[in-house]
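*Asks:* Have a look; sequence and predicted model below, questions after that.
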Amino acid sequence: MSDGHFLELRGIHKRFGGVHALRGVDVTIDTGVAYHLLGENGCGKSTFIKIISGAHAPSEGEIILDGQAHNELSPIQSLEAGIETVYQDLSLLPNLSVVENVALGDQLVSGNGRLMRLLNRRRLRETAREAIRNVGLEPTAKLLGTMVGDLPLAIRQRVAIARAIAADARLVIMDEPTTSLTRHEVDALIELVGKLLERDVAVLFVTHKLEECYRIGGQAIIFRDGECISQGPIADYSRAELSHLMTGRELDTMRYRKGIPQAEEVLRVEGASSGAAFEDVAFSLKAGEVLGITGLSDSGRNEVALALAGHQPLSAGHFEISGAQVHLDSPADAIARGIGYVPEDRLSEGLFLQKSIYQNEVTLILDRLRGRGGIVDKRKGREAASKISEAMNLNTGNIDLPVSALSGGNQQRVLIGRWLSIEPKLLVLHGPTVGVDVGSKDTIYRAIQAMAERGIGLIIVSDDLPELLQNCNRILVMNRGRLVDELDAATTDENRIYQSMLGSANEAA
Amino acid sequence: MTMVQEMNDRSTPKRPEDKLTIWETLRRRPEMVTLTILVVICVAVSIINPNFLQPGSLIDMGRASVVTGLFALGVFAILAAGGIDVSFTAIAALTMYSLTKFVITVAPDLPMAAIIAIAVVAGALLGAVNGLLVHGLRVPSLIVTIGTQYLFRGILLAFVGTVWLMELPPQMTAFGKAALYQFQGANGVTVDLPAYFLIFPVVVGLAWFLFDRTLMGRAIFATGGNPEVAARLGYGQRVVHVFVFAFAGALAGLAGIIHVSATRMANPFDLVGTEIEVIAAVVLGGARITGGTGSVLGTVAGVLLITVVSNTLVLVGIPSTWQRLVVGAFILLAAAFFVRRKQKPKQRKAE
């Protein structure tokens, strides 16, 4: 094709009910080029890749694939054109073998998705062997026959990329591929991307890690609030420009008013260890202070949060709450000491989705609401719940609405607000804005600051660095189970924190 | 037997560095455990009471396992796709009774092959109803099939009939009696090896081919492994859902007509109530109730294990009232084993 681009999206809109996720996006993709789709959480990146891969139909607009115009793509159409998506969950089937995961797609797509067909086992093995070799793995019979669910993450990722190669992909979309990889594995992945580009495959990264984008090179596509606001060679943008384009704000104005640490110390952690998860962790937290804890996902930061919540007992060291040494052997212990914990996965761990806001808000104080004969005093409960919804700025007047009817941001506020009912001394927030849109993020941050002003000590465990910089007084960095750095949020930046997160991994590599 | 060998070949290490430990082999092929238990029980029972090896008792067990086995293969397909079905017995009852009544009253000359074909097609259609409902309503298949079990059975008892049909059409009686071979038992009684026995191995072969050699088979496992990912990768979920339930329905229809021919009467109250035993057999064969695992061979082993346990306790002097106790214990042991299997071998070594 003379003027032919591989894929063109023109004027793409996508609405989910009342939410306008994409507002007229135009993007062009050519084979053999690396693209970096950049933008804040909730800016429409994932909706965009789902439209390309055929998981969602656009509400408006045109998709031109190999010169052919479509209103929408089906998953099979998209696969047939050679568009392969490696989602964060890698889209692997845990109960099928490596061979099947890598090579079944080839036969599925060549049969147009028809299932009543013979399976060519020989072709399956050959395709898989070839593709596995192309991602730098040795295709032994043992590896090929292993169930994918039994493989370590970095190998699984290679299997997912091998599947893309086996399907003769022309565009491979990778959704935050380096999030849980070690430095060494990231290097290997970047090398692999180079190989894909040499084979004239286009690679579209969805990522937050600007450093890696610069290393790979290619084109930057920047999204903000559902619009594509800039596209061009990534080398032409400075870091500051990228951040400014993504957020629409100058970095300095992004900071929220910090809590003012008071003299009283609410938490002291001394020499805390827990099995192999973390070792010799020590820090303290003052009332009204917001403390960030970050690190890679296997750095031990999650386990420290769980230990504070009473989910993971310490094997050595201890916690002091307001000067008194405490044992936190169960979540009930932690709650009794005034420690609140908002889990990362609010849907499965924190909320009763089918129950009303009122019922969710009072779960922690049912004991206190018990009136004569052990019956819960509903009037008192409803008062408490109303007060909380007001404090959390829940923009719904009706506390009888089921939580499942609320947006992600509001659900998160219900969950955080629940802890206000016990007047906690310390609140541990684990990834408080994961999967929450930009607007709700803002209100959650305001709620965090309001709690700090009430004298609650807050700990935010997160890998969202801008979030930590915006909200925290201090940021602790963990690496391989140890506390490796303590930074003042006012004087540090993302790059500095990131260096620290990878610190000793660097030395090892 | 070639089938069994071929299936083993895939996991047989070909190079020394590929050697699998025993635990890994078991993790991959849990049906080997079921098979081993089955063999151990058979050997033990035949030592204690050699009557076990009499053609008469073997054929009794075979007869009992044909109908359960056909049901179980259908249930296995549905479990593998991540669903569950409790309506297959109602499908079998509705099909067998209506069809027998139809042959008696309307088409007495219908050849047996046609009767079987109609049973299979009718069962498949009823099963497809399940599949469409599960897919269309997005309701867990347990709920849907509890509903359709009542529905199908209600239709049978309310509109078709409640009377036992004792006088079967001659071609069905002949089909039930047709013998492949006659044994002269030790006590002088002749025992027939019924021809319908052949149907089970044929269906087992077909099912194995379906699961192992067609894309549909892989699509079923893919769906059971993770339905969202499977849909994303282009495995049509509607087709898979309708297919597995229709497959189970077809086998239920077939099992129903064999049941009628073998017992030489059509009882509309029959079969319904045996679902749990069939599901138990499939689970004993290594299929997880959460979907995406199991094998045809394992399902056959599970069916034989349940049949042998139910039929041999008497032979070794254990009262028949103990059957349920033993089967229950087996299911719990199997469940415990399969849960442990999910843990990594490393953890196990550390213990």
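*Replies:* Nice, thanks for sending it over.
*Asks:* Does the residue positioned nearest the centre of chain B fall in a helix, a strand, or a coil region?
*Replies:* Most central in chain B under C-alpha atoms, centre = their mean is B:Ala72, positioned 1.6 Å from the mean C-alpha point. Classification of B:Ala72 using DSSP: H, G, I helix; E, B strand; the rest coil returns helix.
*Asks:* what's the distance between the residue most central in space within chain A and A:Ile173?
*Replies:* With distances taken as C-alpha atoms, centre = their mean, the residue of chain A nearest its centroid is A:Val434 (5.5 Å). Remark: distance between A:Val434 and A:Ile173 (C-beta to C-beta, to the nearest Å) = 21 Å. Where C-beta positions appear, they are placed from N, C-alpha and C, glycine not excepted.
*Asks:* B:Leu180 too?
*Replies:* Relative to A:Ile173, and taking C-beta to C-beta, B:Leu180 is found at 59 Å.
*Asks:* So which of those two has more stuff around it?
*Replies:* A:Ile173 (25 against 11; other C-beta atoms under 10 Å in any protein chain shown).
*Asks:* what secondary structure does the more buried one sit in?
*Replies:* Applying three-state DSSP: A:Ile173 is strand.
*Asks:* give the contact list for it.
*Replies:* Shown in contact with A:Ile173 (C-beta atoms under 8 Å, 6 or more residues apart in numbering or on different chains): A:49, A:52-53, A:83-86, A:203-204, A:206.
*Asks:* thinking again about what came up before, a helix runs through the residue nearest to the centre of chain A, doesn't it?
*Replies:* No. Counting by three-state DSSP, A:Val434 falls outside a helix, being coil.
*Asks:* So, low pLDDT: which residues of the stretch 1-150 of chain A?
*Replies:* A:1-3, A:17-18, A:41-42 (pLDDT under 70).
*Asks:* mind listing the helices for it?
*Replies:* For the stretch 1-150 of chain A, applying DSSP state H, counting those that start in this stretch gives helices covering A:45-52, A:75-80, A:98-110, A:121-134, A:141-145.
*Asks:* which parts of stretch A:493-500 are buried?
*Replies:* A:494, A:497-498, A:500 (16 or more other C-beta atoms under 10 Å in any protein chain shown).
*Asks:* Which part of the stretch 51-200 of chain B gets nearest to chain A, residue-wise?
*Replies:* Residue nearest to chain A within the stretch 51-200 of chain B: B:Ala80 (9.3 Å; C-beta to the nearest C-beta).
*Asks:* from what I can see that residue touches B:Ile289, true?
*Replies:* No. Using C-beta atoms under 8 Å, B:Ala80 makes no contact with B:Ile289, being 11.1 Å away.
*Asks:* more neighbours, the two?
*Replies:* Ranked by neighbour count (other C-beta under 10 Å), B:Ala80 and B:Ile289 place B:Ala80 first, with 28 against 14.
*Asks:* Which of the helices or strands spans B:Gly69?
*Replies:* B:Gly69 is located in helix B:55-80, with elements delineated by DSSP states H and E.
*Asks:* Need the buried ones from the contacts of A:Ile173 selected in PyMOL.
*Replies:* Filtering those down to the buried ones (16+ other C-beta under 10 Å) takes a single PyMOL command:
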select buried, chain A and resi 49+52+53+83+84+85+86+203+204+206
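*Asks:* Near chain A, which residues of the stretch 101-250 of chain B are found?
*Replies:* B:212-219, B:221-222, B:224-226, B:229-236, B:239-240, B:243 (C-beta under 8 Å from any C-beta of the partner chain).
*Asks:* Let's see which of these end up in strands.
*Replies:* Judged by DSSP state E, these include no members of strands.
*Asks:* Kindly write the PyMOL command that selects the buried subset of those residues.
*Replies:* Listed next is the PyMOL selection for buried residues among those, using 16+ other C-beta under 10 Å:
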select buried, chain B and resi 212+214+215+216+217+218+219+221+222+224+225+226+229+230+231+232+233+234+235+236+239+240+243
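*Asks:* For the residue of the stretch 401-509 of chain A at minimum distance from chain B, which non-adjacent residue is closest in space?
*Replies:* Closest to chain B within the stretch 401-509 of chain A is A:Ser404: 15.3 Å, counting by C-beta to the nearest C-beta. Leaving aside its chain neighbours, A:Ser404 sits nearest to A:Leu353 (4.2 Å; criterion: C-beta to C-beta, 6 or more residues apart in numbering or on different chains).
*Asks:* before we move on, what about B:Phe330?
*Replies:* B:Phe330 sits nearest to B:Leu284 (C-beta to C-beta, 6+ apart), 6.3 Å away.
*Asks:* Poorly predicted segments of the stretch 251-400 of chain A, please.
*Replies:* Using pLDDT under 70, the flagged stretches of the stretch 251-400 of chain A are A:251-259, A:345-349, A:395-397.
*Asks:* hey, where'd the strands end up in it?
*Replies:* Secondary structure of the stretch 251-400 of chain A (DSSP state E, counting those that start in this stretch): strands at A:265-274, A:278-286, A:290-294, A:316-321, A:324-326, A:339-342.
*Asks:* Deepest in the core, which of the ones you listed is it.
*Replies:* Ranked by mean neighbour count, those are led by strand A:290-294 with a mean of 27 (mean count of other C-beta atoms under 10 Å in any protein chain shown).
*Asks:* Export the contacts of A:Ile173 as TSV, with columns for distance to B:Leu125.
*Replies:* Formatted as TSV, the contacts of A:Ile173 follow (distance: C-beta to C-beta, whole Å):
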residue	distance to B:Leu125
A:Ile49	40
A:Ile52	39
A:Ser53	35
A:Ile83	38
A:Glu84	38
A:Thr85	37
A:Val86	41
A:Val203	48
A:Leu204	45
A:Val206	46
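*Asks:* now, which of the contacts of A:Ile173 lie close to chain B?
*Replies:* Okay, of these touching chain B (C-beta under 8 Å from any C-beta), that's A:53, A:85.
*Asks:* Quick one: closest of the helices of the stretch 1-150 of chain A to A:Val362.
*Replies:* Of all the helices of the stretch 1-150 of chain A, it is helix A:45-52 that lies closest to A:Val362, at 34.6 Å by C-beta to C-beta.
*Asks:* Could I have the CA atoms of the closest one written out in CSV?
*Replies:* The C-alpha trace of helix A:45-52 is given here as CSV (Å, rounded to 0.1, in the frame of the first residue of the first chain):
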residue,chain,number,x,y,z
LYS,A,45,-5.6,4.4,27.8
SER,A,46,-7.1,1.0,28.6
THR,A,47,-10.4,1.8,26.9
PHE,A,48,-8.3,2.8,23.8
ILE,A,49,-6.4,-0.5,23.7
LYS,A,50,-9.6,-2.5,24.3
ILE,A,51,-11.1,-0.8,21.2
ILE,A,52,-8.1,-1.8,19.1
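*Asks:* any weak-confidence spans in the stretch 401-509 of chain A?
*Replies:* Judged by pLDDT under 70, the stretches of the stretch 401-509 of chain A that qualify are A:407-409, A:435-440, A:503-509.
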